[in-house]
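Peer 1: missing the sequence, but the structure's below:
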């Protein structure tokens, strides 16, 4: 028995001796080193673009009272620019298993959200509705409204049963159902809206500490604001994500991006920048003014993979 215990103890000590050097090589201070999977071929953009310029979208739709323009469509995200004419009102809608997020960028939209006081959103409002929460929108005033809309791809909305049956999308039909589920509701982080331009004016030349717009197990929308800096050198590649794309709405000023395979670009307020998974990308505040980007990705804990020579930072 004693010999067996001694052998077990010796075996554990030898195993620990083998593991500890490996751990020492994989960690340095607060930085961990690992072998991360990086695709041999850069994932394609497809019909998506590195940057979608708002002036180009508006020029394309000039003279149209109401329109919808696809911006990003991936296995995860479906984003659109949408203009509505004065007086346009949506049916009462909700999403069964996910949130919907908007950046209001023009005109006035009255939001009526279940459990909340109706409010009017103008340029710079960041609005979100959680799953199973009913809402409707109406463009008020004399000007069209313009909004950037973010949903998850492949998911269609539901409409409350007291309304007429909606038109059937291609390959799908609407069927009246019953369900015991309740609205998800809001919390201290995920709130009905943020008036970004008002918050930015109050913050002056400072960042915005209360930076989460949405944060849950499947979504992250994050305000990133700061004073412009000189464009970093190309040796600073930033990071990449494994299997997940990311995009940004420029809320204020300008932002510089370096995206692997797409090069260096500068995006202005109203532009949308997109990086597919597996591509190194770097975002920085462009020099000369206060700049803000609104980041969209799948989780507040999304893993950032930096180069081994970067020390786990940009």
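Peer 2: Great, that's in hand. These numbers come from a predicted model, not from an experiment.
Peer 1: select the helix or strand of the protein having the lowest average pLDDT value.
Peer 2: helix 2-26 (a mean of 46; mean pLDDT, DSSP states H and E).
Peer 1: so where does residue 202 fall, helix or strand?
Peer 2: helix 196-203 (DSSP states H and E).
Peer 1: just to check, residue 93 is in contact with residue 156?
Peer 2: No. Residue 93 is beyond contact range of residue 156, at 10.2 Å (criterion: Cβ atoms under 8 Å). All C-beta spots, glycine's among them, are computed from the backbone N, C-alpha and C.
Peer 1: ok, residues contacting the helix holding residue 202?
Peer 2: 123-126, 208, 210, 223, 225, 251-252, 290, 292 (Cβ atoms under 8 Å, 6 or more residues apart in numbering).
Peer 1: pick the one among those residues closest to residue 193.
Peer 2: residue 125 (5.5 Å; Cβ to Cβ).
Peer 1: residues near the closest one, how many?
Peer 2: A count of nearby residues for residue 125, using other Cβ atoms under 10 Å, gives 23.
Peer 1: for residue 121, what are its contacts?
Peer 2: 102, 104, 108-111, 127, 193 are the contacts of residue 121 under Cβ under 8 Å, 6+ apart.
Peer 1: typo on my end, residue 47
Peer 2: The contact partners of residue 47, by Cβ under 8 Å, 6+ apart, come to 70, 73.
Peer 1: now do 10 Å
Peer 2: By Cβ atoms under 10 Å, 6 or more residues apart in numbering, the contact set of residue 47 is 70, 72-74.
Peer 1: show me the helices in the stretch 1-150 of the chain, by range?
Peer 2: Ranges of helices in the stretch 1-150 of the chain, per DSSP state H, counting those that start in this stretch, are 2-26, 54-60.
Peer 1: so what touches the last one?
Peer 2: Under the criterion Cβ under 10 Å, 6+ apart, residues 49, 53, 67, 69, 71, 81, 83, 105-106, 146, 148, 249-250, 267-272 lie in contact with helix 54-60.
Peer 1: make it 7 Å
Peer 2: 69, 81, 270-271 (Cβ atoms under 7 Å, 6 or more residues apart in numbering).
Peer 1: tell me the one of those nearest residue 63?
Peer 2: Out of the contacts of helix 54-60, the member with the shortest distance to residue 63 (by Cβ to Cβ) is residue 69, at 14.1 Å.
Peer 1: so what pLDDT did the residue lying closest to the closest one once chain neighbours are set aside get?
Peer 2: Spatial nearest neighbour of residue 69, chain neighbours left out: residue 81 (4.5 Å); criterion: Cβ to Cβ, 6 or more residues apart in numbering. Looking at residue 81, its pLDDT stands at 98.
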